[in-house]
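Visitor: requesting a structural model of the entry that follows:
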Amino acid sequence: MTLLIADTFEQSGLDGLRSLGCNVIYEPGLKETSLAAALQSTGAEILVVRSTPVTEAMLDAGHLSLIVRAGAGVNTIDVAAASRRGIYVSNCPGKNSVAVAELAFALILALDRRVPDNVADLRRGVWNKKEFSKAQGLFGRTLGLLGFGNIGQEVARRARAFGMPVIAWSRGLSSDAARGAVARETGIEIAATPEAVVGRADVLSIHLALTRDTRGFVNASLLKHLKAGATVINTARGEVVDYSALAAAVQEKQLRVGLDVFANEPAGAEGAITDPILSLPNVIGTHHIGASTDQAQDAIAAETVRIVRSFLATGKVPNVVNLAKKTPATHMLVVRHRDKPGVLAHVFERLRDANLNVQETENIIFDGAHAAIARINLDGEPPAETMNAIQAGNADILSLQVVKL
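Guide: Residues are numbered from 1 along each chain as shown. Prediction:
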């Protein structure tokens, strides 16, 4: 099977993929039309990317079965277009969590101790201990987390080591029972609303995945709840924060801000960036390097190899993000039958005659391989004449049952 890698990738991952017997084509400079052309010319069935966008036009150009995002999230991939073409999309969640959490804390500490300004003055030959001796410290200050997934939980662990109380909000914890269970398990206070977190946070750290619902989520109406002089950290995605509103809040509330991500980042590894917020005092930034540690990249490479290995060996894809959580199936047809050729083909032909679509199916073999039971989820109820045609048309049908889903 041909596998195309269109971003930089660890040598350990390249070796692991080749050991699976894949024809690995490593071209990390591919972008846009050149990537589409490479997908067409190579006939690659698996594509591995990191930050490179994957568009519908690229999918049309190739013959892909699987796309692996070697990182967390899949916002750079047209997942809907892949789903329409029956292409699996997978990623490597949690493998860069420690690296991103470490950077979040690096930014928190750098802002509290004004490390960048210290360094800049020293490099200019200026000694100003009186100015830079002013710092609030972190002990006892409340850390607020918007998002409590893998990364948010790693940040919380580090905050507790610094003696910081932690309050978090998660979109996935919508009930009192769910919030209570997570609070008991982690020892972290879980808030019912994002406003409750923002209003109490001395340091607000953002860890929301980018979706249609979270784009621009941290906006002026949410930021108005921040305390004056609070610290805001974003190591998630630039698009989840309204940076114009954040810039206004910096000036109005004298916020300190640390950013690793921006809404309009250069497409390549190098380029110009002109986001106005970077010109404001007490705003520092890094170059979207949250996941860029050797440890994180080795872990992501190993997870990518695991995903591809499973796909090749079993046809199943770990971490797949675009399978339906619920199909349109309304009824299940349960067929107990002798394990002989043509039995299921007969069943499916009669279902086709009735214009019933099979949504999901499984066939389980009994010990000895003499009999089996098939469970077939359908988008409608089989009429009586169809059931009769299935039963009467093949002597190896032992019994039929319809279950309403």
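
Visitor: mind listing the helices for the stretch 101-250 of the chain?
Guide: 115-123, 129-132, 150-161, 176-186, 194-200, 220-223, 243-253 (DSSP state H, counting those that start in this stretch).

Visitor: and those helices: which comes nearest Ser12?
Guide: Closest to Ser12 of these is helix 150-161 (C-beta to C-beta; 21.6 Å). No exception for glycine: its C-beta is placed from N, CA and C like everyone else's.

Visitor: how about the helices of the stretch 101-250 of the chain, which one is nearest Asp396?
Guide: helix 176-186 (47.5 Å).

Visitor: got a list of what the residue nearest the centre of the chain touches?
Guide: In the chain, the centroid-proximal residue (C-alpha atoms, centre = their mean) is Gly73; its distance is 2.6 Å. The neighbours of Gly73, taking C-beta atoms under 8 Å, 6 or more residues apart in numbering as the test, are Asn91, Ala209, Leu210, Arg237.

Visitor: wait, which of those residues is closest to Glu385?
Guide: For the contacts of Gly73, the nearest to Glu385 is Asn91 (46.6 Å; C-beta to C-beta).

Visitor: quick one, phi psi at the nearest residue to that closest one once chain neighbours are set aside?
Guide: Distance criterion C-beta to C-beta, 6 or more residues apart in numbering; nearest residue to Asn91, sequence neighbours excluded, is Arg69 at 4.1 Å. When read as degrees, to the nearest 10, the backbone of Arg69 gives phi -90, psi 110.

Visitor: and if you look at Leu66?
Guide: phi -150, psi 130.

Visitor: what's around it, how many residues?
Guide: Around Leu66 sit 22 other residues, with neighbours defined as other C-beta atoms under 10 Å.

Visitor: can you pull the domain assignment for this structure?
Guide: Following automatic domain parsing, one gets these domains for the chain: 2-95+295-314, 97-290, 331-404.

Visitor: so Ile284 bridges to which residues?
Guide: Counting by DSSP bridges, Ile284 is bridged to Gly258.

Visitor: got JSON lines for the contacts of Gly73, with distance to Ala371 too?
Guide: Putting those into JSON lines (distance: C-beta to C-beta, whole Å) gives the following:
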{"residue": "Asn91", "distance to Ala371": "40"}
{"residue": "Ala209", "distance to Ala371": "46"}
{"residue": "Leu210", "distance to Ala371": "49"}
{"residue": "Arg237", "distance to Ala371": "52"}
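
Visitor: and which of those residues is nearest to Asn357?
Guide: Asn91 (29.5 Å).

Visitor: ok, the closest one touching Val321?
Guide: Yes: with contact defined as C-beta atoms under 8 Å, Asn91 reaches Val321; the gap is 6.4 Å.

Visitor: give me the common contacts of these two.
Guide: Common neighbours of Asn91 and Val321 (C-beta under 8 Å, 6+ apart) are Val74.

Visitor: so for these two, which sits in the more crowded spot?
Guide: Between Asn91 and Val321, counted using other C-beta under 10 Å, Asn91 has the larger neighbour count: 23 against 18.

Visitor: now do the same contact list for that one.
Guide: Val68, Arg69, Ala70, Gly71, Ala72, Gly73, Val74, Asn319, Val321.

Visitor: can you map out the strands along the stretch 51-200 of the chain?
Guide: 66-69, 88-91, 143-146, 166-169, 189-190 (DSSP state E, counting those that start in this stretch).
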